[in-house]
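Engineer: here is a sequence with its predicted model. Questions after.
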Amino acid sequence: MAMQKITIGTVLAIAAMGMVVSAFGVLVATRTISNYGNVSAVGVGVYWDSSCTNMVLSIDWGALEPGASVDKTIYIKNEGSLPVLLGMATENWSPASASSYMTLSWARESYVLNSGSVVQAVLTLSVSSGVSEITDFGFDIIISGTEAS
């Protein structure tokens with residue numbers, strides 16, 4: 001019998017917003033914008049704390065300068081009954097050109113998370129030193145847990 005990979009709960013959309021300072025170091029905007037997105041977590045929960053009591057609804061990246069990187073620590077809990085492989089993607093960049101200048105990374109890609117376990121993950125948003133004409137941005141983060149084989 002062939003084994004099938006089953007996606008267990010996967011989609012957690014976290015809206016992420018912030019600001020960028022121009023390439024010349026002149027502040028383009030003086031406010032930080034936070035965007036609240038819908039969270040759908042089936043089998044995988046994403047939290048601000050290791051005890052998994054404060055769910056992540058949005059991430060405020062703050063004011064970012066060209067060439068800067070910002071880290072945000074989150075905790076991922078496998079709320080299902082089977083081990084899962086973690087994955088992350090981004091989508092819905094606003095403006096669309098922001099994805100050419102910004103990169104979101106983490107060290108938990110393909111990490112096996114056992115049932116009931118919690119793992120710390122650091123999300124790193126890096127901004128290119130060549131960024132220009134972007135003052136506000138937003139995007140969705142999709143964290144997925146797919147049944148581990």
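Structural biologist: Cool, got the structure. Numbering: from 1, shown residues only.

Engineer: gap between the host helix or strand of residue 46 and the chain center?
Structural biologist: According to DSSP states H and E, residue 46 maps onto strand 44-47. Put simply, strand 44-47 sits 11 Å off its chain's centre (Cα atoms, centre = their mean, to the nearest Å).

Engineer: that one - what's its average pLDDT?
Structural biologist: The predicted model assigns strand 44-47 a mean pLDDT of 91.

Engineer: same check on stretch 64-81?
Structural biologist: 91.

Engineer: now that stretch, how far from the chain's geometric center?
Structural biologist: 6 Å.

Engineer: can I get that stretch in PDB, CA atoms only?
Structural biologist: Extracted in PDB, the C-alpha atoms of stretch 64-81 (Å, rounded to 0.1, in the frame of the first residue of the first chain):
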ATOM      1  CA  LEU A  64      13.600  49.100   9.400                       C
ATOM      2  CA  GLU A  65      16.600  50.700   7.700                       C
ATOM      3  CA  PRO A  66      18.200  49.500   4.400                       C
ATOM      4  CA  GLY A  67      20.600  46.600   5.200                       C
ATOM      5  CA  ALA A  68      18.900  45.800   8.500                       C
ATOM      6  CA  SER A  69      17.700  42.500   9.900                       C
ATOM      7  CA  VAL A  70      15.100  42.000  12.600                       C
ATOM      8  CA  ASP A  71      14.500  38.800  14.600                       C
ATOM      9  CA  LYS A  72      11.200  37.800  16.200                       C
ATOM     10  CA  THR A  73      11.000  34.700  18.400                       C
ATOM     11  CA  ILE A  74       7.900  32.500  18.200                       C
ATOM     12  CA  TYR A  75       6.900  29.000  19.400                       C
ATOM     13  CA  ILE A  76       5.300  26.300  17.300                       C
ATOM     14  CA  LYS A  77       3.300  23.500  18.800                       C
ATOM     15  CA  ASN A  78       2.200  20.400  17.100                       C
ATOM     16  CA  GLU A  79      -1.400  20.100  18.200                       C
ATOM     17  CA  GLY A  80      -2.100  17.000  16.200                       C
ATOM     18  CA  SER A  81      -1.500  13.300  16.900                       C
END
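
Engineer: no further queries at this time; thank you.
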